[in-house]
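Peer 1: structure for this input, please:
(chains A and B)
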Amino acid sequence: MDAQAMHISNGLIDAPVSAAFAALAVAALTFCVLRARHDLDERLAPMAGLVAAFIFAVQMLNFPVLPGVSGHLLGGALAAMLVGPWVGALCVTVVLVVQALLFADGGVTALGLNVTNMALLGTAAGYLVIVALLRLRIPLFATALLASVISVLVAAQGFVLEYALGGGNGLSVGAMFAAMSGSHLLIGLGEGLITAVTVAAVARSRPDLVYALRRRPVESSSDRHVVQGAPHVA
Amino acid sequence: MSRNRIFLLTGLLVTLLLAGVVSSFASSAPDGLDAAARKGCTFDAQGNITGGDCLAKRAADNQTADSPLADYGIRGLDGPLSTGLAGAIGVLVTLGVGYGVFRLVRRRPTSVG
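Peer 2: Numbers count the residues shown, from 1 in each chain, chains lettered A, B, ... in the order given. Predicted coordinates:
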């Protein structure tokens, strides 16, 4: 059996909690659409489509993190870096919807749970870390790495919360917290490396296509401008 | 060809290679979430639960379990070709859906009713 990119299946979290998170996700995504409109111009629309497709592809690439345990990129921090938080959350959502509808990865009933964790919490946490670290003039590579670790850990806590509210069988909530946090710290490091390498590659060839670097003073040295000033917040 | 077009086509090529070729080398071990859901149960070689209690016991079929692309494979095909083709289709569908959504959402120079 392939275990690539396994999101929350139907049944793991009970129906009322799944429905509540679906409603929350729809409300938050509506807000994202309204905010994304300001960021999306003729140039960013195809870039955002490519970011979604890239996240889909990299989510298939499970890497080993512990004996018998793998992990894959979630993509929130990468999306926030490249296309900003609003469009980024929509990118990850498009991936999750395609996965649930075509690939039976993540239940349709569980879509609100998966969107909340990976598209909303993961992207929001990643973006907040990116803003803070770039303001502190932390280099882009380290920013991408750290933002990914925090993004993945926060997304994992979203699942722990959903488990506490509507899960059952087996582990106590504390044991689930420990299991999810441990594995996702390692997954976050892997995701951080992938994100940092990807963002560095885009920044090297087309720094103007990296959202987190927009509206900053560009200096002659190609590496300096990436740590200057604050990212543009729409 | 414009710089934008070159960048997008290069990006798409890399993305297709990742989903179409590299994906066959991915780990097939349960991911972090799945591993946590399986904690407390014992499994046979096919991955079926043989005993114990765990979150995975609650799992119900996904509505799309019968999709011809379910579990990142083409129904009726096996091995790397199946995974790679499914991955490439997924990339193109995601790109198409994403581009469509973002074109609809984007701001326009003049508002179109």
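
Peer 1: the biggest helix by length in chain B - what's its average pLDDT?
Peer 2: Identified as the longest helix of chain B according to DSSP state H is helix B:79-105. Across helix B:79-105, pLDDT averages out at 95.

Peer 1: determine if any part of that helix is in contact with chain A.
Peer 2: Yes - Helix B:79-105 is in contact with chain A by Cβ under 8 Å from any Cβ of the partner chain, via B:83, B:86-87, B:89-99, B:101-103, B:105. For every residue, glycine as well, the C-beta is placed using N, CA and C.

Peer 1: list the buried residues of that helix.
Peer 2: Going by neighbour count (16 or more other Cβ atoms under 10 Å in any protein chain shown), the buried part of helix B:79-105 is B:82-95, B:97-99, B:101-102, B:105.

Peer 1: packing partners of that helix?
Peer 2: Applying 3 or more Cβ pairs under 8 Å, 6 or more residues apart in numbering or on different chains; DSSP states H and E, we find helix B:79-105 packed against helix A:15-39, helix A:44-59, helix A:85-102, helix B:3-20.

Peer 1: which of these sits closest to residue A:145?
Peer 2: Residue A:145 lies closest to helix A:44-59 among the helices and strands packed on helix B:79-105, at 15.5 Å (Cβ to Cβ).

Peer 1: is chain B contacted by whichever helix or strand comes after that closest one?
Peer 2: Of the helices and strands lying after helix A:44-59 in sequence (DSSP states H and E), the nearest is strand A:63-66. Yes - Strand A:63-66 comes into contact with chain B (Cβ under 8 Å from any Cβ), by way of A:63, A:64, A:65, A:66.

Peer 1: and which of those is nearest chain B?
Peer 2: residue A:64 (4.8 Å; Cβ to the nearest Cβ).

Peer 1: which residue, neighbours along the chain excluded, lies closest to that closest one?
Peer 2: Among residues not flanking residue A:64 along the chain, residue B:27 sits closest, at 4.8 Å (Cβ to Cβ, 6 or more residues apart in numbering or on different chains).

Peer 1: can you tell me which residues contact residue 64?
Peer 2: In the absence of a named chain, chain A is used. By Cβ atoms under 8 Å, 6 or more residues apart in numbering or on different chains, the contact set of residue A:64 is A:70, B:27, B:29.

Peer 1: chain B was what I was after
Peer 2: Residues near residue B:64 by Cβ under 8 Å, 6+ apart: A:100, A:101, A:102, A:103, A:104, A:108, B:70.

Peer 1: switch to 7 Å and redo it
Peer 2: Going by Cβ atoms under 7 Å, 6 or more residues apart in numbering or on different chains, residue B:64 touches A:100, A:101, A:102, A:104, A:108, B:70.

Peer 1: ok, residue A:14 next?
Peer 2: Neighbouring residues of residue A:14 by Cβ under 7 Å, 6+ apart: residue A:166.

Peer 1: same deal with the one 10 residues further on?
Peer 2: Applying Cβ under 7 Å, 6+ apart, we find residue A:24 in contact with A:112, A:116.

Peer 1: could you check how far it is from residue A:112?
Peer 2: With distances taken as Cβ to Cβ, to the nearest Å, residue A:24 is found 7 Å from residue A:112.

Peer 1: what is the nearest of the contacts of residue B:64 to residue A:140?
Peer 2: Distance to residue A:140 across the contacts of residue B:64 (Cβ to Cβ) is lowest for residue A:100, with 32.7 Å.

Peer 1: these two touch, right, the closest one and residue A:109?
Peer 2: No - counting by Cβ atoms under 7 Å, residue A:100 stays clear of residue A:109, with 9.3 Å between them.

Peer 1: so between those two, which is more surrounded?
Peer 2: residue A:100 (26 against 21; other Cβ atoms under 10 Å in any protein chain shown).

Peer 1: grab the nearest non-local neighbour of that one.
Peer 2: Looking at residue A:100 with Cβ to Cβ, 6+ apart, the closest residue is residue A:106, at 4.6 Å.

Peer 1: contact partners for that neighbour?
Peer 2: A:7, A:8, A:9, A:96, A:99, A:100, A:114.

Peer 1: tell me which two of those residues sit farthest apart.
Peer 2: Maximum pairwise distance in these, criterion Cβ to Cβ, is 13.1 Å, between A:9 and A:96.

Peer 1: the contacts of residue A:64 into a markdown table, with extra columns for distance to residue B:66?
Peer 2: Formatted as a markdown table, these follow (distance: Cβ to Cβ, whole Å):
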| residue | distance to residue B:66 |
| --- | --- |
| A:70 | 26 |
| B:27 | 26 |
| B:29 | 25 |
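
Peer 1: let's have the residues you listed in TSV, adding neighbour count, pLDDT and secondary structure.
Peer 2: TSV is the format used below for the contacts of residue A:64 (neighbours: other Cβ atoms under 10 Å in any protein chain shown; pLDDT from 0 to 100; DSSP: H, G, I helix; E, B strand; the rest coil):
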residue	neighbour count	pLDDT	secondary structure
A:70	26	96	strand
B:27	18	94	coil
B:29	18	93	coil
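
Peer 1: remind me, longest helix of chain A?
Peer 2: helix A:173-205.

Peer 1: quick one: low-confidence parts of the chain?
Peer 2: Assuming you mean chain A. Confidence mapping of chain A against pLDDT under 70 gives the ranges A:1-5, A:215-234.

Peer 1: my bad, chain B
Peer 2: B:109-113.
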